[in-house]
Every structure is written in C-alpha cells, then in structure tokens.
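Enquirer: Build me a model:
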Amino acid sequence: MRHQVHGKDSKEAPHHGAQRQELNELLVTLQEQAKLQFEPENEKHEQLLRSLWNTAFPGEEFELKSPKWTDIGFQGRDPTTDLRGAGLMGLSHLQ
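Expert: Below you'll find the predicted structure:
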C-alpha cells in the first residue's frame, strides 16, 4: 500500500500493519466485554455494585433496593433494572 508522505509516495511502514492488528484485537476484546450482561446473582458483579454503593454512601449498609440509588442517577430503587441495558461494562464505567 502506498501513501503520500511529504508529497512523495512511500510504502506503509512495516510496524503499521502490526499496530493495525493490535488495534483490531483490542476492538474485538472491547466488543466482547460490551456484550457481558450484569448478573445480580454473580458475586463479582454484586461486589462491583457494592463498591459503587460504598463510594457513594460511605459508612452506610449496602441495600440492593433503595431510593438512594436515584441520588446517584439510577432511574429507580433497583439499579439492576438500569444495568440490564448498560451491562457489566456500564457498571464498571461508574467505578
């Protein structure tokens, strides 16, 4: 593949192909992670939710269903309903 560099034709540098492959692999990984659903019965998933609670409400006992969730932007008292759409990636972005 040829590109214009400073007005002259040049071949693509060999490392560009490796970078492109690395970026493609990263994209595939992100797409796979985006498909992961939040599962309330999964201990690791619940721990992420607890961590968010503890950050938002330090010293308060964790409540899976509480009106306090609306204080930090959830639509209702049960954050798992919002996480059905956002998935595990959505929750991890709130951390």
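
Enquirer: Which strands or helices does the one helix or strand L91 maps to pack on?
Expert: Assigning secondary structure by DSSP states H and E places L91 in helix 79-94. If you count contacts as 3 or more C-beta pairs under 8 Å, 6 or more residues apart in numbering; DSSP states H and E, helix 79-94 packs onto helix 14-34, helix 43-56. Every C-beta, even on glycine, is put in place using the N, C-alpha and C of the backbone.

Enquirer: Out of these, which gets nearest to L64?
Expert: helix 43-56 (7.5 Å; C-beta to C-beta).

Enquirer: Pull out the buried residues from that closest one.
Expert: Across helix 43-56, burial judged by 16 or more other C-beta atoms under 10 Å covers H45, E46, L48, L49, L52, W53.

Enquirer: can you dump the C-alpha coordinates of it into CSV?
Expert: Presented in CSV, the C-alpha positions along helix 43-56 are these (Å, rounded to 0.1, in the frame of the first residue of the first chain):
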residue,chain,number,x,y,z
GLU,A,43,-20.8,-12.4,43.4
LYS,A,44,-18.2,-10.5,41.4
HIS,A,45,-20.9,-8.4,39.8
GLU,A,46,-22.6,-7.7,43.1
GLN,A,47,-19.2,-6.7,44.6
LEU,A,48,-18.9,-4.1,41.8
LEU,A,49,-22.3,-2.8,42.8
ARG,A,50,-21.4,-2.8,46.5
SER,A,51,-18.2,-0.9,45.7
LEU,A,52,-20.2,1.8,43.9
TRP,A,53,-22.6,2.0,46.9
ASN,A,54,-19.7,2.3,49.3
THR,A,55,-18.1,5.1,47.3
ALA,A,56,-21.4,7.0,47.0
